[in-house]
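1. I'll drop the sequence and a predicted model, then ask my questions.
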Amino acid sequence: MKSSIPVETELVLIGGGHSHAIAIKNFAMNPIPGVRLTLITDVYHTPYSGMLPGYVAGLYTFDQCHIDLRPLAKFAGARIFVDRAIGLDLEKNQVICANRPPITFDVLSIDIGSTPASLTVPGAREYTIPVKPISKFLTYWHQITTTVAQSPEQKICIGIVGGGVGGVELAFSVQSHLHNIYQNARQPTNNLELHLFHRTTRLLPGRHRWVGKQVEKILKSRGVVLHLEENVTGVKSKDRQDIDFATDGQDSDFASDGQDSDFATDTRMNERKILDKDGQD
């Protein structure tokens, strides 16, 4: 039911992340007379990032770790537009959208998360799978798990770039899920070859050194091949059937120094694909 109170303030939210989901819920429970709420988001379902490693590991379903923004917006009496904000007209106080007319605002909040800067590395845009935006990454991940489940006898090589918390967590999650698929199909788990690249001498550089060493031991004990002090300066692909991953937290630059790297020249990884996660730990 529409309010009879005239709209005095246009409150526009760009992005359907955690902060805005909470804000919409709070607005629904404590509406402000005269304020109209509008949400601009490129997806209806926003992921809860804290549960995503569990989803990648196969512990949660899609619905369990995603928030459907449509009923939430309806609960708040908010307008919701599925579109991308591509610019701002600050003179007119308008959000410029990709596929619809501009949206006027009095108060604007932006919560769109980070995007990977590493796609500037030669070959990264063509041959890598960024972890952010998360929705696209999950689509690729579903394709990978489906492919492995359909052909578990085939070997697959995955490379993860970035040894921060995000990269390490992704490595454990990816390995756990794919190992379960192999075991259920009665295939050897070493059909998965998992590599983790990191540009410094130790993993988890923002944490205590002992923690990084223990994580390093666990990864090695699980058969993960570690490449420390490696800067990725290029990505090439000759074998489209194999897939590699690259991930990162704030402590990893996908390619930062322009120096030659074994990754781009000497290793088998240059014949495969990379998945890149470039965001905050």
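-> Perfect, thanks for sending it. Residues are numbered from 1 along each chain as shown.
2. now the strands: where do they sit in the chain?
-> Taking DSSP state E to define them, one finds strands in the chain at 9-14, 35-41, 45-47, 66-68, 79-82, 85-89, 94-97, 103-104, 107-110, 128-130, 156-161, 192-197, 225-227, 274-276.
3. Quick check: which of those is nearest to residue 210?
-> Residue 210 lies closest to strand 225-227 among those, at 17.1 Å (Cβ to Cβ). Every C-beta, even on glycine, is put in place using the N, C-alpha and C of the backbone.
4. could you give the mean pLDDT of the closest one?
-> The average pLDDT within strand 225-227 is 95.
5. which of the residues in it are buried?
-> For strand 225-227, the neighbour count (16 or more other Cβ atoms under 10 Å) marks 226, 227 as buried.
6. Equivalent analysis for stretch 64-73, please.
-> Neighbour-count burial for stretch 64-73 [16+ other Cβ under 10 Å]: 65, 66, 67, 69, 72, 73.
7. Could you export those as a markdown table, including distance to residue 25 and pLDDT?
-> Formatted as a markdown table, the buried residues of stretch 64-73 follow (distance: Cβ to Cβ, whole Å; pLDDT from 0 to 100):
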| residue | distance to residue 25 | pLDDT |
| --- | --- | --- |
| 65 | 17 | 93 |
| 66 | 15 | 94 |
| 67 | 10 | 94 |
| 69 | 11 | 97 |
| 72 | 6 | 97 |
| 73 | 10 | 98 |
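8. domains for this structure, by residue range?
-> Recorded structural domains for the chain (assignment: automatic domain parsing) are 9-110, 117-276.
9. Help me confirm that residue 198 comes into contact with residue 166.
-> No - in this structure residue 198 lies outside contact range of residue 166 using Cβ atoms under 8 Å: 11.6 Å.
10. which of these two has more neighbours?
-> The neighbour count for residue 198 versus residue 166, taken as other Cβ atoms under 10 Å, is higher for residue 198 (29 against 26).
11. what's near enough to touch the more buried one?
-> By Cβ atoms under 8 Å, 6 or more residues apart in numbering, the residues touching residue 198 are 161, 162, 163, 164, 167, 226, 227, 228, 229, 230, 252.
12. quick one: which of those has the most company?
-> In the contacts of residue 198, the most neighbours by other Cβ under 10 Å go to residue 161, 35 neighbours.
13. Can you say which of the strands of the chain is packed in most?
-> For the strands of the chain, average neighbour numbers computed from mean count of other Cβ atoms under 10 Å are highest in strand 274-276, which has a mean of 29.
14. taking the mean pLDDT, what do you get for it?
-> On average, strand 274-276 scores 41.
15. Could I get the full set of helices for this structure?
-> Remark: helices assigned in the chain by DSSP state H are 18-29, 52-56, 69-76, 124-127, 134-150, 165-184, 209-221, 262-265.
16. Alright, that wraps it up for me.
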